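Student: Can you look at this prediction? I've put the sequence above it.
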Amino acid sequence: MKFFNKSEDNHQPFITEELRRKISEAAMPDPVQKIAEQELDLLTRISPSSAEYTIGVTYIDYLVSLPWNKRTADNLDIVRAGRILNENHYGLDRIKERIMEHLAIKVLMSNRKARVLVVDDEEIARKNLAHILTKENYDVVAVADGETALRELESSEFDVVLTDLRMGRIDGMDLLDRVKIKHADTKVVMVTGYATVPSAIEAMQKGAFHYLAKPYKLDEVRETVKRAIEQRNLKPSTKGSVLCFTGPPGTGKTSLGKSIALALGRKFTRIALGGLKDEADIRGHRRTYVGAKPGRVIEELRRVESANPVVMLDELDKIGHDFKGDPASALLEVLDPEQNRAFTDHYLDVPFDLSSVMFILTANVLDTIPAPLRDRMEVIEFTGYTQEEKAHIVQQFLCAKQVREKGLSQDQVVFTDEAVDKIIQEYTREAGIRNLERRIATICRKIARESLQTAGNAEIVTITPGSVERYLGRRKFQFEVIEEQDRVGVATGLVRTEAGGEIIFVEAAQMKGNKELIITGSLGDVMRESAQAALSYIRSNAGSFGIAEDFFEHQDIHIHVPSGAIQKDGPSAGVTILAALLSLLTKRPARRDVAMTGEITLTGRILPVGGIQDKVLAARRAKVKTVLVPARNRADVQELSEDMKRDIDIRLVDTVAEVVDAVLTGHP
Ligand code: ADP
């Protein structure tokens, strides 16, 4: 390090004084302030032209710019919160209810008065403690002996027990033992005279939260009880303390997150986890080179200038593939209430309290999320929308929003219901409404341009099915189900991907060969195994389907699932593969408008699968007439709304024979 001669730069004293002022104004916690001051002292001793000097100045500047003590006051009016969620979102009743419950608990936790039991046989000390703690707004009960304390503990719950160590028959130590057995979450603080400090330390080893040695300072009492209550409050909320929204894109996850922030009166920000490549993106880079940066979490708090915003961590399921380091442990440090109180970003190198940030995670699917993370989350599942719901959302929200954003006036554009239906059915194929919103945006943009070309002519533009075609071109999607014929060896299946439910067509073909099962179409291992199981099942039961026992001799069988670009996996295509094979081998065409889902075992049992609601929605979008669902998914079918069951025949199937009856046409 190069030591600097004071005459070298006239700016230096100015910069350091400026930083010193900023440090004193930054309202940092004491230990952090000390570190900042030490850093600053170090700077005064090195040359301003050195790299260390620049790094040091940037660092202190960064430290002082963080919202150490800046936070927005929560608006805990739960009725207003409900109104905001409703105003901005159509439907989603079950989800809104879950969110409201989550918020209600937050409100109750912050409104609830903590309860403290004071136990001391010395009247003055007892009254004194009770007085201080009542003034701190706790609900205080003060008793003079261990026996009465036990009776109080039997009859109601306390957050903290503040007990004298030396008392009559039942002393502080006995009380601690009883509390630990019966009320493990209650924190016990020992009050002790000078002579009994070693016993107090022993009590801490036995699980007491802390001790106060007489004569104690009032601040010490307040601070210890406060910390005990904070820790206790953390306990029950550790599990499920973070909301996680899962479901297909465009189903309102982000937008509900924003509404939660609005309802609470907090700032809102998003971090796309999918874009992060390195642990340092979360935890920050060590401050050893000029370009070192803090992690995104700290960076976002600085940007929104608040220590308690709603932070949405998007695409949790997209990290991991080429991520350097362990994303789960880095995220746990951020999310886990037991760790995030003292989150230490590598760049800052001092702890920053993240405990008042409200994190909301989003993911399209949950399968790839590590268990320790999943344990901390309260998962709320979003599913796709029905055609009717989409139409409502378009008419009530999207049109108005797009019209406004394109600079048009509200009553200038009218979308007819028929036009909206046409856009939904022929120009989009998705579980959510992302592309739908884009199509509406395209139309509004074109209208905006036209309105300028016909200047001064503010006519009302009515969008009809005809004008949809004029604005958006020829339709983008065919109904592959009703517009195509039934074929031998092709069965219609329903699977769930990260885009929601999807319809797939499983094709099976047979050719001369050497008993090989060829599988193509970007299928994962589980799906390949399903294909093996389906073939083995048919081979061992060929006779009962009227198939020649030796059908596999000198033959290869090829199974293919088109739309190869989409990675497909999971067991739920088992039944569809089986149906395609049976169709091929019996030469009976499979009905294209019967779509199925279900896992198949070697013995031909049909096992239940997930995502029934998303799959039924996909079937409806494709105009499927009949959906075959494993009988053991009965409860999922019962949960479907009437809207979702209208005009579609959902059948529960238990056996392969039932599948054959429903799918294969022509006589055996
Ligand atoms: P996600 O985060 O699930 O991908 P978004 O929240 O970005 O989806 O939603 C896409 C668009 O659809 C947004 O403009 C959002 O406001 C709108 N949207 C989604 N669901 C609803 C709903 N139920 N009511 C009103 N608008 C909705």
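Tutor: Nice, I can see it.

Student: can you tell me which residues contact S563?
Tutor: 504, 521 (Cβ atoms under 8 Å, 6 or more residues apart in numbering). Bear in mind the C-beta positions are built from the backbone N, C-alpha and C, glycine included.

Student: who in the protein is up against the ligand?
Tutor: Residues of the chain found near the ligand (Cβ under 6 Å from any ligand atom) are 89-92, 249-255, 393, 397, 432-434, 437.

Student: residues contacting the residue lying closest to N137 once chain neighbours are set aside?
Tutor: Of all residues not flanking N137 in the chain, K113 sits nearest, at 6.4 Å (Cβ to Cβ, 6 or more residues apart in numbering). Applying Cβ under 8 Å, 6+ apart to K113 gives the contacts 137-139.

Student: so how far is stretch 124-139 from its chain's centroid?
Tutor: 42 Å (Cα atoms, centre = their mean, to the nearest Å).

Student: same thing with stretch 594-614?
Tutor: Going by Cα atoms, centre = their mean, where stretch 594-614 is centred and where its chain is centred differ by 27 Å.

Student: which parts of it are buried?
Tutor: 594-600, 604, 606, 608-614 (16 or more other Cβ atoms under 10 Å).

Student: Of the contacts of K113, keep whichever come out buried.
Tutor: Y138.

Student: Closest one to the ligand out of the contacts of K113, please.
Tutor: Nearest to the ligand among the contacts of K113: N137, at 39.3 Å, using Cβ to the nearest ligand atom.

Student: So that closest one, which state does it fall into?
Tutor: Recorded secondary structure, N137: coil (DSSP: H, G, I helix; E, B strand; the rest coil).

Student: Kindly report the same for the one 4 residues further on.
Tutor: Under three-state DSSP, V141 falls in the strand class.

Student: Can you tell me the closest non-neighbouring residue to it?
Tutor: Going by Cβ to Cβ, 6+ apart, V141 has L117 as its nearest residue, at 5.3 Å.

Student: And the one you found, its phi and psi?
Tutor: Taking degrees, to the nearest 10, you get phi -100, psi 120 for the backbone angles of L117.

Student: and the closest residue to D145 other than its chain neighbours, how many residues sit next to it?
Tutor: Of all residues not flanking D145 in the chain, G168 sits nearest, at 5.4 Å (Cβ to Cβ, 6+ apart). For G168, the number of neighbouring residues by other Cβ atoms under 10 Å comes to 10.

Student: Double-check that G168 belongs to a strand.
Tutor: No - judged by three-state DSSP, G168 forms no part of a strand; its state is coil.

Student: Show me where the stretch 501-650 of the chain dips below the pLDDT cut-off.
Tutor: For the stretch 501-650 of the chain, the stretches with pLDDT under 70 are 564-568.

Student: Closest residue of it to the ligand?
Tutor: Scanning the stretch 501-650 of the chain for the residue nearest the ligand gives D614, at 13.3 Å (criterion: Cβ to the nearest ligand atom).

Student: Tell me who's in contact with the spatially closest residue to that residue that is not a sequence neighbour.
Tutor: Spatial nearest neighbour of D614, excluding adjacent residues (Cβ to Cβ, 6+ apart): G501 at 3.5 Å. G501 makes contact with 384, 431, 494-495, 611, 613-619, according to Cβ under 8 Å, 6+ apart.

Student: Which of these fall within helices?
Tutor: Cross-referencing the contacts of G501 against helices under DSSP state H gives 613-619.

Student: Can you check these and name whichever has the most neighbours?
Tutor: Ranked by neighbours (other Cβ under 10 Å), the ones in helices among the contacts of G501 are led by K615, which has 30 neighbours.

Student: which residues does it contact?
Tutor: Per Cβ under 8 Å, 6+ apart, neighbours of K615: 494-496, 501, 572, 597, 627.

Student: Can you tell me which of those residues are classed as buried?
Tutor: Buried among the contacts of K615 (16+ other Cβ under 10 Å): 494-496, 501, 572, 597, 627.

Student: pretty sure V197 contacts A213?
Tutor: Yes - the criterion here is Cβ atoms under 8 Å, and V197 meets it with A213 at 5.7 Å.

Student: contacting residues around I559?
Tutor: 506-508, 517-521, 531, 577, 580-581.

Student: any idea how far V660 is from the residue in the chain that the ligand sits nearest to?
Tutor: For the chain and the ligand, the shortest gap (Cβ to the nearest ligand atom) falls at G252, measuring 2.8 Å. Look at G252 and V660: by Cβ to Cβ, to the nearest Å, they are 40 Å apart.

Student: quick revisit: helix, strand or coil for the residue nearest to N137?
Tutor: K113 ends up coil, using three-state DSSP.

Student: Report the helix or strand with the lowest average pLDDT across the protein.
Tutor: Here the helix or strand of the chain ranked lowest by mean pLDDT, DSSP states H and E is helix 218-237, holding a mean of 76.

Student: continuing past it, what's the next helix or strand?
Tutor: Note on helix 218-237: by DSSP states H and E, the next helix or strand toward the C-terminus is strand 242-246.

Student: Give me the contacts around that next one.
Tutor: 99, 102, 253, 256-257, 316, 335, 359-366, 376-382.

Student: so of those residues, which ones are in strands?
Tutor: Counting by DSSP state E, the contacts of strand 242-246 place 359-363, 377-381 in strands.

Student: Spatially nearest residue to N340 (excluding sequence neighbours)?
Tutor: L354 (4.0 Å).

Student: how distant is stretch 330-341 from the center of its chain?
Tutor: Offset of stretch 330-341 from its chain centre (Cα atoms, centre = their mean): 15 Å.
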